[in-house]
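Trainee: build the 3D model from these lines:
(chains A, B and C)
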Amino acid sequence: MSLKEALKKIKNLKRSESKKPTAQKKDIKVASEVVTPSNPENVSEALSENEIQKLNQIKSKHLPLYNSIKKLNVFQQRAVFSDNEKILVSAMVGSGKTTVLVHKILYLHFFKGVPLDKIGILTFTNKAANEIVERILTFYMGQAETSPDLSLCGTFHSVAKNILSHSELLYSIGYTDSFTIMDENEKVIFLKRIVLENNLNVKYINRLDKRIERFLDPRATTKRKKILYGNMKYEDDIEELIKISAERKKSYNVMDFDDLIANVNIVMSNNKFDIGLDWIVIDEFQDSNTDQITMINNMANDRTSVFAVGDPNQLIYAWRGSDIGIFSDFKEKKCEEHSLPINYRSTSNILDLAKVMKTYGDEELLGNRSGGLPVAIVNHYDSNQEAIYLASQIKNITQKGVPLREIAILFRTRNQSKIFETVFTNEEIPFEVANRRTIRDLPPVYWLTLLFRSCLNKHDMNSIYDLVFDKDYGFHELSTGLVRKYLSDLKKQNINPDLENFLEWMIDKKSMEKEFLEFSKQMLGFSKWIEGVTFEEIPKIFDYFNLSLLLRPSSSNYENDAELVKSFLDNLSRYVKLDYDTDVKRSFLTIVSKMSLDGINIVGDTIDPNSEKVKLLTMHTAKGLEFGYVFISGANDGLIPMVLDYQEPAQFEEEKRLFFVAITRAKDFLEISYHTNPEGWRSVPEMSCFLKNIPKNVIKVGARKKTSRTVPVSDNTDIDKLDKWYTGQSISHHKYGSGEIAKITETNIICCFDGFGEKSFSVNFLAIKPQ
DNA sequence: CTGCGAACCTTTTTT
DNA sequence: AGGTTCGCAG
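Mentor: As a prediction, this is how the structure comes out:
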């Protein structure tokens, strides 16, 4: 875990004197030293006098910061040290967005003296949050003695959670600070339970998530759009279901993901609650929806400055509520606008194709890698033929020494990956499908989290039922009648369900085994017990709950399960140490909440992002990633774009942006395919309309052979022209030792060696070897 | 109450 | 193509 490691490094850091730069006289020479090596030749931008002065000030105040900022290009530097209090950075794809964001934060802290806990940093994904934290900490390590408070740095949801759980006002909206969080999956189970318990009439129960989504969509205006679904003619009880669920979430002291944002907005707006931030920094601003914008506004006071970075051309989540208007609106609110126009990732041929898909803004998209291979557009009979063809192409590529992790296959829908999985399995090509792994993929660990949630939030009946009625580790089979009986018995006594009376009732009514009796006792005592332990003692939980008995010792999974749970507890102990709040119990609750938001990441280093496997990804999941070789499969009308409704230009544009995102994942090589005989009801046997009328010089259309079911087409031999070098590749040199390729131009390969810095080699006289 | 046909929807996904 | 709801016929 990178964050963990970074923190560890800080803690273990010898208290070496922080290298505070000694005050230096202003060195006018710096101006000419300002090197922006990454600026492409066709960009002739230079810093103004003022900006050069600013750079000098940074140099005299904080040399390490200066050294880091010096490496940025002019546009990036400008965005970093502009002192405007409202800045929007329109970042082109692959233009170093995160780098600018991180440097801005470092600049604010080390040059402007803004404390890090006065900077709210908001991202959409955990991955982005971790990357930013890690990069801040890496720089911080050499500069400071203690680790900074970054509790307001994270995803919108985790920051909302942190604000809520430290707010007194939580009580005013009916929650306590031991609230737990349910994920989308648990929410569906929760809702279905309400339907059963209350005898509600709810149609399309298996598409509850879709129905709720539509019901809550602010853009669905008519009742018909909100309530009626599929072939429905009459309203059902969906409105009632949502009403009951809202009440029940409060009585359970549980929030879903949307509630976190909604509640933080209620608490912060109703009560003039101010967290006194100096700055709010937002990543991927184009993805914000209105609730998130409200949250940003609520977090800010009159003196809070804002720095937002985003790329409207990569807005592919409008269907989740983000809106291009939010980007433009912000722009108009007297904010200073910056652009990062230079793409460092892709060859110019790839970028030229991408430009055709650009839907927003007049800003130019500039590259710094000339030429490259033309983008190939090839035709296959069907996806099976393509999979066979790709298998052989991948073998070709890897024979040149390209690692599998540099190859990705992108498609529009998840089920398009199946055929590749089958063929690649046969052909023995290692692959990885980007399935989001959740903690549910580790059943005993998930069961344990249910146990913790049940013990720490005794009103979380979701977790309590799921825990006790779990089919693997639970104690009793779930029957609808049972819970109903329990609830009606409680109603007679006019009390609310909670952990205590549920366990009592179960023992009483169902004459449960001794094992359950013992377990109940330990559950009820856990909250007290955890208060008295230190973080080192957390692994003792295993014996506290007598897990060697509860984890089904007779099952064949037992050894695995027990080991998994033990290493999970070890990790927990480490996390509690790192996230130490006010006491172990409080930290423990923090971690338990974090697990709902963070997914499997907390369990351990089970996923290797750089594993040597071909990546099979949907275009959406590919966002933010880059690969040397990209194959986009199935660019047929009806798939890309999926909706061929010319009445809805907004949807059409979003499809175009999605295609833009897919194309711009490629660094060196891009091939796009469409099928003569596409499967699925959606697509038609036509090449995507996006691919028509594009400049002929950037693409190479594969000959449209009369293809048959049995003869695979393989008319893209360009791939052989690509030599074996790629950026990021590990290489070695007889004199400079091992290094990495930093950049490849038409004539030179520039390598970075440890201790020797950058060296450039002519492609005609290559003295380097792959490693 | 059951059986049949017509009509409708279906994707993408982070937290 | 497959799942669901609804109307209608029996």
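
Trainee: near DNA strand C, which residues of chain A? Just list them.
Mentor: A:203-206, A:230-234, A:236, A:681 (C-beta under 7 Å from any atom of the strand). Where C-beta positions appear, they are placed from N, C-alpha and C, glycine not excepted.

Trainee: write a ChimeraX command that selects only the buried members of those.
Mentor: Only the buried entries of the residues of chain A next to DNA strand C go into this ChimeraX selection, using 16 or more other C-beta atoms under 10 Å:
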select /A:203,236
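
Trainee: reformat the residues of chain A next to DNA strand C as JSON lines; add pLDDT.
Mentor: Below are the residues of chain A next to DNA strand C laid out as JSON lines (pLDDT from 0 to 100):
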{"residue": "A:203", "pLDDT": "91"}
{"residue": "A:204", "pLDDT": "92"}
{"residue": "A:205", "pLDDT": "92"}
{"residue": "A:206", "pLDDT": "91"}
{"residue": "A:230", "pLDDT": "84"}
{"residue": "A:231", "pLDDT": "85"}
{"residue": "A:232", "pLDDT": "88"}
{"residue": "A:233", "pLDDT": "86"}
{"residue": "A:234", "pLDDT": "85"}
{"residue": "A:236", "pLDDT": "88"}
{"residue": "A:681", "pLDDT": "85"}
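
Trainee: give me the three-state assignment for residue A:739.
Mentor: strand (DSSP: H, G, I helix; E, B strand; the rest coil).

Trainee: and it, how far from DNA strand C?
Mentor: As judged by C-beta to the nearest atom of the strand, to the nearest Å, residue A:739 and DNA strand C stand 53 Å apart.

Trainee: and the residue of the stretch 451-600 of chain A found nearest DNA strand B, backbone torsions?
Mentor: Nearest to DNA strand B, among the residues of the stretch 451-600 of chain A, is residue A:597, at 3.8 Å (C-beta to the nearest atom of the strand). Main-chain dihedrals, residue A:597, degrees, to the nearest 10: phi -90, psi -30.

Trainee: contacts only, for it.
Mentor: By C-beta atoms under 8 Å, 6 or more residues apart in numbering, residue A:597 lies in contact with A:126, A:155, A:157-158, A:161, A:181, A:257.

Trainee: residue A:178 is in contact with residue A:255, correct?
Mentor: No. Taking contacts as C-beta atoms under 8 Å, residue A:255 lies outside contact range of residue A:178: 11.8 Å.

Trainee: measure stretch A:350-369 end to end?
Mentor: One end of stretch A:350-369 sits 10 Å from the other (C-alpha to C-alpha, to the nearest Å).

Trainee: swap in stretch A:82-100?
Mentor: OK, stretch A:82-100 end separation, C-alpha to C-alpha: 12 Å.

Trainee: and that stretch, does that touch DNA strand B?
Mentor: No. Stretch A:82-100 does not reach DNA strand B (C-beta under 7 Å from any atom of the strand); its nearest approach is 14.6 Å.

Trainee: again, but for stretch A:209-216
Mentor: Yes. Taking C-beta under 7 Å from any atom of the strand as the criterion, stretch A:209-216 and DNA strand B are in contact, through residue A:210.

Trainee: so which bits of chain A are right by DNA strand B?
Mentor: Counting by C-beta under 7 Å from any atom of the strand, chain A sits next to DNA strand B at A:124-127, A:155, A:157-158, A:183-184, A:207, A:210, A:229-231, A:257-258, A:319-320, A:412-415, A:436, A:597, A:599, A:618, A:620-621, A:642-643, A:681.

Trainee: if anything else comes up later, I'll come back, but that's it for now.
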